[in-house]
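Chemist: Test case, fold it:
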Amino acid sequence: MDNTLYDWSINILRKLNQDWSSVPEPILSGYTIFYSPIKFKPTILIIGDNPGGTESIRQKELPAEHEYFKYDYHLARIMRNKIFKGERLNALLKNSVKTNRIFFKTKNLDEFNKLVDSKNMEAYCFNILDEIIFKLQPKLIFAESLGTFRKLSSKETVLLKKESGKSLLVQGIHNDITVLGINHPSRASYHKIDDNDWNKVNDKLNEIL
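Modeler: Numbering: from 1, shown residues only. Have a look, this model is predicted:
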């Protein structure tokens, strides 16, 4: 990473801390923007919903390693071993940049949406997210939930689950960048999405990427 990109990334984190560090717990238990090293023009920019987990973290430094390859948890395993399985897609995943559309940490999105100022907080994050997209200029955006996909783009179905008509993979455009989206893996069982369906998504990603 060149010094200009590093300084820009750190300044974004500093702004987040300046704007929100005075908000006490439990009103705001933490926030994180980046989950991977930062690079210019990555093949893939992954955008999730918002941070989960139990740790109280207020990010001030950039990660040295991609979280999906550093830690072993449910979402990381599905992304590594199912959706982006195979040597080529694994390499693309490992070299992707990972962030979220909401930086504030809650148990889930329902909990976030119950916060008194959630709309303004979400808009605050989306302004920074658009700056990240503009600055990094990714070749493709991969949305880790249909909710995040729909915040970025109008839906165009690419791959459907035949039995139910549920969307497995959708495609659209955000600021002239192709956006792909999936059902969030944590909700896969609710939508009856199984390993066979993830294999179909994996096959399609091999075609597209």
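
Chemist: So residue 168, which state does it fall into?
Modeler: Assigned state for residue 168: strand (three-state reduction, DSSP: H, G, I helix; E, B strand; the rest coil).

Chemist: Grab the nearest non-local neighbour of it.
Modeler: Nearest non-adjacent residue to residue 168, counting by Cβ to Cβ, 6 or more residues apart in numbering: residue 159, 4.5 Å away. Where C-beta positions appear, they are placed from N, C-alpha and C, glycine not excepted.

Chemist: and that neighbour, how many residues sit next to it?
Modeler: Counted with other Cβ atoms under 10 Å, the neighbours of residue 159 add up to 18.

Chemist: now it: how far from residue 166?
Modeler: Residue 159 sits at a distance of 10 Å from residue 166 (criterion: Cβ to Cβ, to the nearest Å).

Chemist: Check residue 95 too.
Modeler: From residue 95 to residue 166 the distance is 30 Å (Cβ to Cβ).

Chemist: can you check residue 47 too?
Modeler: According to Cβ to Cβ, residue 47 stands 21 Å off from residue 166.

Chemist: the more surrounded of these two?
Modeler: Between residue 47 and residue 166, counted using other Cβ under 10 Å, the more crowded position is residue 47 (26 against 14).

Chemist: Can you check what pLDDT the model gives the more buried one?
Modeler: Residue 47 is assigned 98 on the pLDDT scale.

Chemist: So in terms of bridging, what pairs with it?
Modeler: residue 99, residue 143 (DSSP bridges).

Chemist: OK, contacts around it?
Modeler: Residues near residue 47 by Cβ atoms under 8 Å, 6 or more residues apart in numbering: 99, 100, 101, 129, 141, 142, 143, 144, 148, 152.

Chemist: what's the spacing between it and residue 11?
Modeler: 20 Å.

Chemist: list the buried ones in stretch 158-172?
Modeler: Neighbour counts over stretch 158-172 (16 or more other Cβ atoms under 10 Å) mark 158, 159, 161, 167, 168, 169, 170, 171, 172 as buried.

Chemist: Next, the first one: secondary structure please.
Modeler: Secondary structure for residue 158, judged by three-state DSSP, is strand.

Chemist: Please enumerate the strands of the chain.
Modeler: Assigned by DSSP state E, the chain shows strands spanning 44-48, 97-100, 140-143, 157-160, 167-174, 177-181.

Chemist: Each with direction, which strands does the last one pair with?
Modeler: Paired with strand 177-181 in the same sheet, following DSSP bridges, are strand 140-143 (parallel), strand 167-174 (antiparallel).

Chemist: Dump those into CSV; add mean pLDDT as well.
Modeler: Compiled in CSV, the strands paired with strand 177-181 are given as follows (pLDDT from 0 to 100):
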stretch, mean pLDDT
strand 140-143, 98
strand 167-174, 93
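
Chemist: closest one to residue 39 among those strands?
Modeler: Shortest distance between residue 39 and these, using Cβ to Cβ, is found for strand 140-143: 13.9 Å.

Chemist: buried residues in that closest one?
Modeler: Across strand 140-143, burial judged by 16+ other Cβ under 10 Å covers 140, 141, 142, 143.

Chemist: Which single one of those is nearest to residue 121?
Modeler: residue 143 (19.4 Å).

Chemist: Done for today, thanks.
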